[in-house]
Structure formats: C-alpha cells, structure tokens
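Fold the following and give me the result.
(chains A and B)
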There are 2 protein chains.
Amino acid sequence: MKMTENSRRGFLRSTACLIAASTPAVRAADTEPNVLGPWPDYSPQIGMLVSEMTWMRTKVVHTAKGLTTEQLDYLLDEKANRIGALLMHLAATERIYQLMTFDNVNANSVSDHALFKDWKTAMVLGEPARKTIKGNKLEYYLNALEEVRGKTLNEFRKRDDKWLQAVDKSWPWGPTNNLCKWFHVCEHESHHNGQISLIKGRTPGAKPENG
Amino acid sequence: MKMTENSRRGFLRSTACLIAASTPAVRAADTEPNVLGPWPDYSPQIGMLVSEMTWMRTKVVHTAKGLTTEQLDYLLDEKANRIGALLMHLAATERIYQLMTFDNVNANSVSDHALFKDWKTAMVLGEPARKTIKGNKLEYYLNALEEVRGKTLNEFRKRDDKWLQAVDKSWPWGPTNNLCKWFHVCEHESHHNGQISLIKGRTPGAKPENG
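Got it, this is the predicted structure:
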C-alpha cells in the first residue's frame, strides 16, 4: 500500500493516539511464557520481538530435549546436516546478525570478519560442518545458544524502537529494518526446528514425529 | 521477570510515553516488503504481526515456486508428508486458528466443528493425507493459502491491540494471548517451510538445498 507523506503523518498521529488510549491493554507480558507483547526493560517494539524470540527458543530447546550424542550426530543421508550442526548454525546465525546490526559490520564481508572466524563452519553447514561438528553432548549446543542470546538481549536493552525501525537501504535482500533482520533470526529458528524435528523422528529407535 | 501490580502500571505508563515520544520512528512499514512494523488499516501491534506474517508467507511461496505436481507429491519415505500436504496443512492451521480466535470455537472441540470438516485431513497429516492430498498443481495449494489469509486479514482489521493482548486462561498450552496464538501460526509456516526445503532438495532431479 502506497502512502503519501501527509497520509503517513496522519497515520503516525492516529497510531500514537490509539496506543496511548489503549495502553492498559498494550501491556507487558506477565511471567507467563505464552503471553507475548512488550516487555519491561525493552522499548515497546523490541520487547514484543524479544517475547517472540524467547517463545521460539523454548520450542527449539523442547525439540532437542533428551537427544543423545548419537542422535545429534545422526545423518539422514550424505547431503544432510546433523542436528548438532543445525543447533550450532542457529547460534552462528544470531552471532552474525549481532555483528551486522549491533557492530555495523558490512553484510558483504561479515563472514570473513575476525570475530566470526569460530562460527563460519556452523554458518555455512555442508561438508566441513559434517566433518567437524560432532561428538558433542546436547549441553554444548545449548550453552552456545544461551551465551549468544545473552549478548543479544544485552544489546537490545540499550536500543529503542527508532533503531529497530531505521531503514537500511544497503542490505543484500533490499531496503529493510532491524525488525525484519531480527524477525528473520527468530523465524529461522523455526525453519531449522522443523528440520530437526523431521530428522529426530528418523534417528535410530526414535518415535516418528509429524513429518 | 515478576512485576508487582504497581510496577506493572508504572511500566505501562512509561511505555505509553515512550511510544508517544518516539512516534515518528514507530512508523508504518512502507511499500517495501522487507520493512516490518505497524501497518495502516491495522492497530499498531496487529499491524506489526501482519507485517511479519506477510513476510513469512513470501518465504513459503518462494520455496514452493516452480514445483511440479510430481515434486509436490514426492514422499521422502513411508512416514513422510508430501510437500503439497504440508502446504495445505498451513492453510488448515490458519483456518483452525480463525475459528478459535475469531469465532471463539473451543480449542478442545474445534477439530470436529462442521466448518473445519474439509480441513481436518490436512490438519492431521499422516496416512489419510498421504492417500488423498495429491495430484494437484501448485496453484491449488497457493490459492487455498491465499483465500484463508484474506479472511484472516479482514478479521484483523476489525480488531485492536486490546483483543491481541487479552489473556485466555483456558488454552491447552496454558494462559496465552491472541498475539501468541497468531505468532505461532506465523512461525509454524517457517517450521514446515524448513521441511519443505529439505524435502524439495531430495525430489528427483532437484538441486540440493541447505540441509
């Protein structure tokens, strides 16, 4: 939908009024994990995103719960990625988005950045990951995910909705904002969680899951 | 994080001020598909969700683009779901959430509701879906997805952030709100998109994709 500058300003004003008028409803998520929305300690829109990212992460951890090293290392076929490598890929993805959005590292060169050296294999997946990311217990992957997430939340707390909405015209997939970049980090966890769920159902002795 | 009623009220007030003060930044997504945020015609938080759901859907359509009936019908193994059935499952999921959240049909009985009769096989997947959801062109599935989405957007336009945030204590996964229910519908598309991508890379003659 195309808006003129005037209609956009009008929309912004009415949005502000709507939010102000309905504030008791536009409230923080309680301690309930399944009540999403703005969160204390974060700007309103960042809080809403954080509540979604936090909810999403619980689903990944739930799928991975109880997996043995043998299951984490299982290969569906010679082209497949191991579940352990997919979990590490999620941590690597979050790390690369930290560098790009918090540290302003250029998207076209970030994968060769010194601070990303240890993550590159997990990011790229494929044969190098199949050869090297294996033999670990579940805690190894969960700790990596948790450590990276801690840093993300720390950085989010320092920022506001203006930062989240600022348009970046130089991004490889076209003009975009930090909300879109971080929403992608979030839905990307679900993308691979679907694959992990499918592979898990085919590991030796596993109960098949949906799909 | 636990909030007292007073600190919660304080948070709500400061949230309102923050949003009001930073309104020029908390702006509508432009016509750019990768700029997410509040959207005209929707309440602010519903608009943000709609921008995410719309973005997510483009990813599913992108993965499915160009798939032949043979690829849509391909079975990875005897336990797998066909790509076509997974696409129909996404439409069925959106339909069931419409009934539960717009029409207040009880979550425990909705799958047997008369209005859900035609969707049940796609919702449940497994053997009945393997037997019956096949032989269709891609357009068949994309049309179903688009038709259901149109209804969702119509209903969202009639509602506000108070509705999105209202807590439902009777939900099977525990106390939750409509934002959480619909965020799940959104990330669920990514979950199965990951599986579709994995299966697509293994259809006869296909170029393998990541995973």
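
Residue B:120 versus the nearest residue to residue A:71 once chain neighbours are set aside, what's the distance?
Nearest non-adjacent residue to residue A:71, counting by CB to CB, 6 or more residues apart in numbering or on different chains: residue A:203, 4.4 Å away. (C-beta placed from N, C-alpha, C; glycine too.) According to CB to CB, to the nearest Å, residue A:203 stands 29 Å off from residue B:120.

Can you pull the phi and psi angles for the residue nearest to residue A:71?
The phi/psi pair for residue A:203 (degrees, to the nearest 10) reads phi -70, psi 150.

quick one on the thing from earlier: more neighbours: which of residue A:203 and residue B:120?
residue A:203 (18 against 15; other CB atoms under 10 Å in any protein chain shown).

How about the contacts made by the more buried one?
A:70-71, A:74 (CB atoms under 8 Å, 6 or more residues apart in numbering or on different chains).

Name the residues of the one helix or strand residue A:91 maps to that are buried.
Element membership for residue A:91, per DSSP states H and E: helix A:83-101. Neighbour counts over helix A:83-101 (16 or more other CB atoms under 10 Å in any protein chain shown) mark A:83-101 as buried.

which is the next helix or strand following that helix?
Next in sequence after helix A:83-101, counting helices and strands by DSSP H and E, comes helix A:120-124.

packing partners for that next one?
helix A:83-101, helix A:126-132 (3 or more CB pairs under 8 Å, 6 or more residues apart in numbering or on different chains; DSSP states H and E).

Let's have the ones you listed in JSON lines, adding mean pLDDT.
Shown next, in JSON lines, are these (pLDDT from 0 to 100):
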{"stretch": "helix A:83-101", "mean pLDDT": "98"}
{"stretch": "helix A:126-132", "mean pLDDT": "98"}
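
what's the closest of the ones you listed to residue B:110?
Residue B:110 sits nearest to helix A:83-101 of all these, at 32.2 Å, using CB to CB.

mean confidence for stretch A:102-111?
Regarding stretch A:102-111, the rounded mean pLDDT is 96.

Can you measure across it, start residue to end residue?
Stretch A:102-111 has its terminal residues 15 Å apart, counting by CA to CA, to the nearest Å.

low-confidence ranges in chain A?
Low-confidence segments of chain A (pLDDT under 70): A:1-31, A:207-211.

any chance you could map the strands in it?
All strands of chain A, identified by DSSP state E, fall at A:167-168, A:176-177.

and among those strands, the most buried is which?
Most buried of the strands of chain A, by mean neighbour count (mean count of other CB atoms under 10 Å in any protein chain shown): strand A:176-177, with a mean of 22.

For that one, which strands pair with it and how are they oriented?
strand A:167-168 (antiparallel) (DSSP bridges).

Return the distance of the partner strand from the chain's centre.
Computed by CA atoms, centre = their mean, to the nearest Å, the separation of strand A:167-168 from the middle of its chain amounts to 19 Å.

picking up where we left off before, also near chain B: which of the buried residues of helix A:83-101, exactly?
By CB under 8 Å from any CB of the partner chain, the members of the buried residues of helix A:83-101 lying near chain B are residue A:86.

now for the longest helix that chain A contains, which elements pack on it?
Using DSSP state H to define each element, chain A has its longest helix at helix A:178-200. Helix A:178-200 is packed against helix A:44-64, helix A:83-101, helix A:161-165, helix B:44-64, helix B:178-200, with contacts defined by 3+ CB pairs under 8 Å, 6+ apart.

returning to that earlier point: sort out for me which of the contacts of residue A:203 are in helices.
Short answer: the contacts of residue A:203 in helices (DSSP H) are A:70-71.

and of the contacts of residue A:203, the nearest to residue B:181?
residue A:71 (30.9 Å).

For that closest one, give me its contacts.
Going by CB under 8 Å, 6+ apart, the list of residues near residue A:71 reads A:83, A:200, A:203, A:206.
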